[in-house]
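*Asks:* here are the coordinates; sequence isn't available:
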């Protein structure tokens, strides 16, 4: 228990510090944008590329278990939104994305690194490499279908591919995969630069996440946000655990896959909902509420995984 607190509390303390800094105006909006750009355009790509080019076991089975559960949660959430909550297609698509798109970058990377080290990060990279490539295009297509049913399919697909291909994290994963598979050695000077720059990714990303949460308000849409948070924090990791058990996933990949499934909703889901004016308030409330609740749910899940599979 004390080990878990040593891992989780510093992470959420940094999120809280970022929130307080933005709330008290200790950091300007321009400064926050600069920190966000540094994290997503340089620090996180360096961390991911360094991890992707470091020898690690393949994570194909980990990714299979995660995305089978993830896409199942996405489909069921849309079905729930359409049939029970009676939401329009665009809002239902956002609801499904809120229930399945986790914050694997800002929270997942520092959490997995702290808990399972570089071996755990290797498994996580197999998920991150496909996370945005799978979920964001699906969310974009659903959003475009709802926003403009007359839009040509090829135009939608082209815009989606270009958007994903320009994502620095996707580029880092793809470049790291190519370099690793080709057996190209990374020079020691470059490796030191990647490690030094990548070390800043986790703390700065957590700080920025906390500062970003100030813009979200859960008071108006908290009932549906609570339902969506329960799907993301509880139902999706349950699905991934069942699938991992069915395919006999080894302990470390199982822990990484289930823990990643239990991460709170990522802000990209909110940005996509705002782009298509489809339930942005509900999405922002879900990001905030799921992040706050994840302090307890993630801690409980890690305790369960540790007792079941060992440290």
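*Replies:* Perfect, I can see it now. Keep in mind the model is a prediction, meaning the values are calculated, not measured.
*Asks:* wait, residue 290 sits on residue 265?
*Replies:* Yes. With contact defined as C-beta atoms under 8 Å, residue 290 reaches residue 265; the gap is 4.6 Å. Placement of C-beta: from N, CA and C, glycine included.
*Asks:* Looking at those two, which one has more neighbours?
*Replies:* Here residue 290 and residue 265 are compared on neighbour count by other C-beta atoms under 10 Å; more neighbours surround residue 265, at 30 against 27.
*Asks:* Distance-wise, check the more buried one relative to residue 204.
*Replies:* For residue 265, the distance to residue 204 equals 21 Å [C-beta to C-beta, to the nearest Å].
*Asks:* just residue 263 next, same as before
*Replies:* Here the criterion is C-beta to C-beta. By it, residue 263 lies 18 Å from residue 204.
*Asks:* Can you list the residue ranges for helices in the stretch 101-250 of the chain?
*Replies:* Listed from the start of the chain, the stretch 101-250 of the chain has helices (DSSP state H, counting those that start in this stretch) covering 109-147, 153-165, 168-182, 188-198, 201-212, 222-230, 236-246.
*Asks:* Pass me the low-pLDDT residue ranges in the stretch 1-150 of the chain, would you?
*Replies:* Residues of the stretch 1-150 of the chain meeting the criterion pLDDT under 70: 1-5, 55-58, 129, 132-133, 136-137, 140-141, 143-150.
*Asks:* for the stretch 201-311 of the chain, that is, sorry about that
*Replies:* Where the stretch 201-311 of the chain drops into low confidence, which here means pLDDT under 70, it does so at 218, 220, 271-280, 310-311.
*Asks:* Recalculate using a threshold of 90.
*Replies:* For the stretch 201-311 of the chain, applying pLDDT under 90 flags the ranges 201-225, 265-292, 294-296, 299-300, 302-311.
*Asks:* and residue 60, how many neighbours?
*Replies:* Using other C-beta under 10 Å, the number of residues around residue 60 comes to 10.
*Asks:* show me what contacts it?
*Replies:* Residues counted as contacts of residue 60 (C-beta atoms under 8 Å, 6 or more residues apart in numbering) are residue 126.
*Asks:* do you know how far it is from residue 247?
*Replies:* Applying C-beta to C-beta, the value for residue 60 to residue 247 is 11 Å.
*Asks:* do the same with residue 224
*Replies:* Between residue 224 and residue 247 the distance is 33 Å, computed by C-beta to C-beta.
*Asks:* Settle it for me: which of these two has more neighbours?
*Replies:* Between residue 224 and residue 247, counted using other C-beta under 10 Å, residue 224 has the larger neighbour count: 20 against 12.
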